[in-house]
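Undergrad: based on what follows, work out the 3D shape:
(one chain, ligands or ions: 1)
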Amino acid sequence: MEKFKELGLDGEILKGIADLGFETPSPIQEKVIPVILSEESDLVALAQTGTGKTAAFGLPLLQKLETGMNKIQVLILSPTRELCVQIGNDLKNYSKYCPAVRIACVYGGTDIRKQIRELEKGVHILVATPGRLCDLIKRGAVDIDAVKGVVLDEADEMLNMGFKEDLNFILDETPETRNTYLFSATMPREVERIARNYLHSPKEIAAGKKNQGADTVRHEYYQVKAKDCYETLHRVIDCAPDMYAIIFTRTKMDARDIAHKLQKDGIDCDALHGDLGQNQRDEVMARFRSKRLKVLVATDVAARGLDVDNLTHVINFNLPEDVESYTHRSGRTGRAGREGVSVAIINSKEKGKLRRIEGVLKKKFEYKEVPGGNEVCRAQLLYYADKILAAEQKETLEPYQQELFEKFRELTKEELIQKMVSYEFGRLLKKYAGVADLNLTEDERRQGGGEGRRGGRSEESEHEFTTFSVNVGKEDGFTPRDLMTIINENAPRKGLEIGSIRIFESNTKFEVDVRGLNGFAGCFRNVSFNGLPFTVTEVKDRYSRNSNGKKRNSTANNRWRKSEGGGRARFGEKKKGAGGKKRRK
Ligand code: AMP
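TA: Residues are numbered from 1 along each chain as shown. A predicted model of the protein is given here:
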């Protein structure tokens, strides 16, 4: 606690965090707390979740509150409802001994009138999702004229989720004299642009190097044939009976399919994806948090802001398109000093991607053999035995003891164990008796096995790609991952085969196998990216690729037409930015 005191924290706040078991500040807390406490300076902090950043900004901001003034003084913006609630709860815990402090959370998907009534009672710290806060500001239901500090938490995620316009609007509405504290796990151009436009000479702080995952995370990979990926996943789960994990998939269809298969295979799991309503999402989350689900299958988007601290594993069923996403995924395990494992299940075509991630993270993935039937059964049986040994004998068996002993009198100890195991594990033992070895030979692993798994299609198939153009590009912060997400969420069929993606300054060309689909380009009519209408047009350049990815039957030259893309109309131009800068050239 002495160290927290040295950073400038005092009194009731120290008591509050002592109750939470905080003893020494985390590196980001050491750097951020004094800045927010003593200097009237803006701040950009590069920080992953799990580093203690909520307390880093929460503690000094709590201490600086003037509780005698019944107005919102601190605004904390975060990407999701879950994260809002988490931050709100953390702040309430830190300020347990400061009864005058009032904290409220507002987010979409719930009754706005109730939130308005809470705001009317008076609030000092408001934690909000950008969309709902905009709504409240536009209704005149929230007064942010006295705001002195604005925290943008997980700024990169907020932009990824399309909150750019809302953030601009909110920041324009808060007093120019405010301090702004931006926290982000990554610094893509869009985040830098926000910092440039809205922060004044910010102090820059990094807690842990960019793109470096926590040291408490071990990275492992299984390399198998595409058709064996699911079975590998199933065995990896069965082989870790105490697993508490999130499995990441690239599309919501994959999330749904895998969850469904795992449920059928007897694993307590469910899917979290964009198609769920708020109530269903809450219900799945509640079951996962209370560990009634051992595994949650989720897309990156759906899992954003989902704060669960004690995951034993993160499983990448598809490796993400970029390293930052991988860092985000794997950063969900190995938190608060605990050990965690980030597992990648890859086919041979994904080896290059894996090596790239290794290169950026400067961490080696450990190759693991897919467990065989014996290993899975052994792991389950020993876990069961340990649980029996650890069971406390709380209730007395007295009234039934004699009868029970009598029933088992004829059996030896060995026979009794055998019967118990057969009873509990008969199905498992049968299922795993003589299962195939899924491991590739060393040659196959080196040579790449000649197959791929993109969108779950058969690896032997030959693809006929159609080229499309879309009117967003590098200068809009558009990435291949954004494209995949948008296609996966809007195309009428799952697992479309995607070929090359080329992102230019102001537009992007990409290939999709759209055979059997009508009007692919039209599926994006209501989609926008960072406030721009997402206009997809077909480029008349059709050719097919064989399974090696080589082009065949090119029927047209491959130059891009000069001016497709449908223009660059913008939704809702904003009024002035702080400092009068225009946000987009
Ligand atoms: P965060 O990055 O804010 O989500 O924090 C991750 C976890 O670390 C949370 O469970 C915090 O309660 C915990 N935590 C934060 N700071 C400290 C600290 N100084 N000592 C111990 N635990 C902490």
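
Undergrad: hmm, stretch 137-151 in reach of the ligand?
TA: No - using Cβ under 6 Å from any ligand atom, no contact is recorded between stretch 137-151 and the ligand, whose separation bottoms out at 11.9 Å. Glycine gets a C-beta too; all of them are placed from N, C-alpha and C.

Undergrad: and that stretch, what's buried?
TA: Residues of stretch 137-151 classed as buried under the neighbour-count rule (16 or more other Cβ atoms under 10 Å) are Ile137, Ala141, Val142, Ile144, Val147, Lys148, Gly149, Val150, Val151.

Undergrad: make sure Ile125 is actually in contact with Lys71.
TA: No - when contacts are counted by Cβ atoms under 8 Å, Ile125 is not listed as touching Lys71 (11.0 Å).

Undergrad: picking up where we left off before, could you dump the buried residues of stretch 137-151 to JSON lines with pLDDT?
TA: Converted to JSON lines, the buried residues of stretch 137-151 look like this (pLDDT from 0 to 100):
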{"residue": "Ile137", "pLDDT": "96"}
{"residue": "Ala141", "pLDDT": "95"}
{"residue": "Val142", "pLDDT": "96"}
{"residue": "Ile144", "pLDDT": "95"}
{"residue": "Val147", "pLDDT": "96"}
{"residue": "Lys148", "pLDDT": "96"}
{"residue": "Gly149", "pLDDT": "96"}
{"residue": "Val150", "pLDDT": "97"}
{"residue": "Val151", "pLDDT": "98"}
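
Undergrad: the ligand: which of the residues you listed is nearest?
TA: Distance to the ligand, by Cβ to the nearest ligand atom, is smallest for Val151 among the buried residues of stretch 137-151, at 11.9 Å.

Undergrad: I'd like the distance between Thr51 and Phe4.
TA: 16 Å (Cβ to Cβ, to the nearest Å).

Undergrad: same check, this time on Glu392
TA: When Glu392 is compared with Phe4 (using Cβ to Cβ), they lie 37 Å apart.

Undergrad: looking at these two, which one has more neighbours?
TA: For Glu392 and Phe4, the more surrounded residue by other Cβ atoms under 10 Å is Phe4, and the numbers stand at 22 against 5.

Undergrad: helix or strand for that one, which one?
TA: helix 2-6 (DSSP states H and E).

Undergrad: how about residues contacting that helix?
TA: Under the criterion Cβ atoms under 8 Å, 6 or more residues apart in numbering, residues Leu14, Ile17, Phe22, Thr24, Pro25, Glu30, Ile33, Leu59 lie in contact with helix 2-6.

Undergrad: can you give me the buried ones in it?
TA: Of the residues in helix 2-6, those buried by neighbour count under the rule 16+ other Cβ under 10 Å are Phe4.

Undergrad: alpha carbons only: can I get it in PDB?
TA: Included here for helix 2-6 are C-alpha records, laid out as PDB according to Å, rounded to 0.1, in the frame of the first residue of the first chain:
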ATOM      1  CA  GLU A   2       3.000   2.300   0.700                       C
ATOM      2  CA  LYS A   3       3.700   2.400  -3.100                       C
ATOM      3  CA  PHE A   4       0.100   3.500  -3.900                       C
ATOM      4  CA  LYS A   5       0.600   6.300  -1.300                       C
ATOM      5  CA  GLU A   6       3.800   7.400  -2.900                       C
END
